[in-house]
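Visitor: Just the structure for this:
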Amino acid sequence: MYSRFLRSVLFSPASVPQLTNSPTLIVMVGLPARGKTYISKKLSRYLNWIGVPTKVFNLGQYRREAVQSYKNFEFFRPDNEEVFFVESICDDPDIIAQNITEVKVSSPDYLNCDKDEAQADFLKRIECYKQTYVPLDDEKDRHLSYIKIFNVGSRYLVNRVQDHIQSRIVYYLMNIHVTPRSIFLSRHGESELNLLGRIGGDSGLSPRGHKYATALGGFIKGQHIKDLKVWTSHMKRTIQTAEHLGIPYEQWKALNEIDAGVCEELTYEDIQENHPEEFALRDQDKYRYRYPKGESYEDLVHRLEPVIMELERQENVLVVCHQAVMRCLLAYLLDKTADELPYLKCPLHTVLKLTPVAYGCRVEHICLNIEAVNTHRERPGNVDVTRNPEEALKTIPDHF
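Guide: Predicted structure coming up:
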């Protein structure tokens, strides 16, 4: 019998019957500076994005609340009976040193501390953990379900994966990496249907859209990005935008715009006039509402899951996509809720550069100064099916 200490715990209630019929507790195990918090936050973000409500419980936060102020490594001595210890698997000193430098010395424990002193103290803290830490044992723990990740993904050991959620967790964790890179997201250039305020369709670019595509090519060239991958949808407007880049691009059907079904190529005014109840129902729950003979944002998220997996595997990528698709990708990368997702602002003729950092993404908005119509509709105040047309159309963007 041996002790194992808890650092980060992810709790996923079984609110998605098609995935699991019982809660799953995911316990992170390992020494400090092994990436447990990083993995738990990424995994929580992914599970929430695919519709499995997940919450992270971090012992460090509970310890800070209980103790109030951190003094030094003495708190973590194994003979200190008031302390719990937690861990993960990495024996590469360069990776450990990088994690300590980038993340640990800037934690709340070292707010007013010299960086060198903080690093030295944290290394002593690790030694305290080592005296008590007991790793998962391949023989003694063979009855448990687990995945071991060695040195940030150089090797994996998977044991007794028993259900759908566990298999998805394993699949996700085997796709992520920590190589420095940037993800560029851009909508296609302004389209002919954008000018008319019509949703969906498969129209080509407007003259201003072609201008943006040329400007995007110049911007990307000026970034001097090594081994850049470019992805587009199968739709004309993204392909025409990518043609100006002078870089080979890959077409993904999964990146096609949300299917508006019977509302394809209609204006918001048309939808209100011909399908007023549908217009109101969508406003009531924009994430889950499915267009008749079309898709919902929830459907789109599931369609985009293979894209997310491949995005995690790649290094530098430019995704030329559509408004709804870009919202879904952004919601994943920025850990936005299902309620926030359909209202994320993704303007035309703007590049979003996302750089993964310790526990999230740094976002830069780069406007290429090519005029375009606004296609963003703010969340309406009145969503009742009995509202009058003026109320229903209050937040729609202007168009020709």
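Visitor: Could you look up the SS state of the spatially closest residue to residue 90 that is not a sequence neighbour?
Guide: Nearest residue to residue 90 in three dimensions, chain neighbours excluded: residue 34, at 4.5 Å (C-beta to C-beta, 6 or more residues apart in numbering). Using the backbone N, CA and C atoms, a C-beta is placed for each residue, glycine as well. Under DSSP: H, G, I helix; E, B strand; the rest coil, residue 34 falls in the coil class.
Visitor: Any idea which helix or strand in this protein has the lowest mean pLDDT?
Guide: Least confident helix or strand, the chain: strand 8-12 with a mean of 47, by mean pLDDT, DSSP states H and E.
Visitor: Following element in sequence after that strand, please.
Guide: The helix or strand immediately downstream of strand 8-12 is strand 24-27, counting by DSSP states H and E.
Visitor: What pairs with that next one, parallel or antiparallel?
Guide: When pairs are called by DSSP bridges, strand 24-27 turns out to pair with strand 8-12 (antiparallel).
Visitor: Enumerate every residue touching residue 153.
Guide: Applying C-beta atoms under 8 Å, 6 or more residues apart in numbering to residue 153 gives the contacts 174, 176, 177, 178.
Visitor: so where does it fall, helix or strand?
Guide: Counting by DSSP H and E, residue 153 is found in no helix or strand.
Visitor: Neighbour-wise, which one of the contacts of residue 153 leads?
Guide: Neighbour counts for the contacts of residue 153 (other C-beta atoms under 10 Å) peak at residue 176, which has 18 neighbours.
Visitor: Give me the distance between the residue nearest to that residue when sequence neighbours are not counted and residue 149.
Guide: Nearest non-adjacent residue to residue 176, counting by C-beta to C-beta, 6+ apart: residue 312, 4.9 Å away. Applying C-beta to C-beta, to the nearest Å, the value for residue 312 to residue 149 is 14 Å.
Visitor: cool, residue 363 as well?
Guide: Using C-beta to C-beta, residue 363 is found at 27 Å from residue 149.
Visitor: for the protein, what spans make up the strands?
Guide: Taking DSSP state E, the strands of the chain run over residues 8-12, 24-27, 55-58, 146-150, 155-159, 183-187, 229-232, 250-251, 317-321, 350-357, 360-367.
Visitor: By pLDDT, rank the contacts of residue 153 and give me the bottom one.
Guide: Model confidence across the contacts of residue 153 bottoms out at residue 178, which has 79.
Visitor: With adjacent residues omitted, what lies nearest to that one?
Guide: Using C-beta to C-beta, 6+ apart, the closest residue to residue 178 is residue 152 (5.3 Å).
Visitor: Could you report the neighbour count for residue 249?
Guide: Applying other C-beta under 10 Å, we find 18 residues neighbouring residue 249.
Visitor: could you list every residue that touches it?
Guide: Counting by C-beta under 8 Å, 6+ apart, residue 249 makes contact with 230, 231, 232, 239, 242, 320.
Visitor: hang on, the fifth one packs against residue 230?
Guide: Yes - using C-beta atoms under 8 Å, residue 242 and residue 230 qualify as a contacting pair, with a distance of 5.8 Å.
Visitor: more crowded one of these two?
Guide: Taking neighbours as other C-beta under 10 Å, residue 242 and residue 230 compare with residue 242 leading, 25 against 19.
Visitor: The more buried one and residue 39: what is the separation?
Guide: 34 Å.
Visitor: And for residue 215, nearest residue in space, chain neighbours not counted?
Guide: Spatial nearest neighbour of residue 215, chain neighbours left out: residue 368 (4.5 Å); criterion: C-beta to C-beta, 6+ apart.
Visitor: list the contacts for the residue nearest to residue 176?
Guide: Applying C-beta under 8 Å, 6+ apart, the residues near residue 312 are 172, 175, 176, 177.
Visitor: And the helices in the stretch 101-250 of the chain?
Guide: Assigned by DSSP state H, counting those that start in this stretch, the helices in the stretch 101-250 of the chain fall at 115-130, 164-173, 192-195, 207-223, 236-243.
Visitor: Give me whichever of the ones you listed is most buried.
Guide: Mean neighbours per residue, mean count of other C-beta atoms under 10 Å, is largest over the helices of the stretch 101-250 of the chain for helix 236-243, with a mean of 22.
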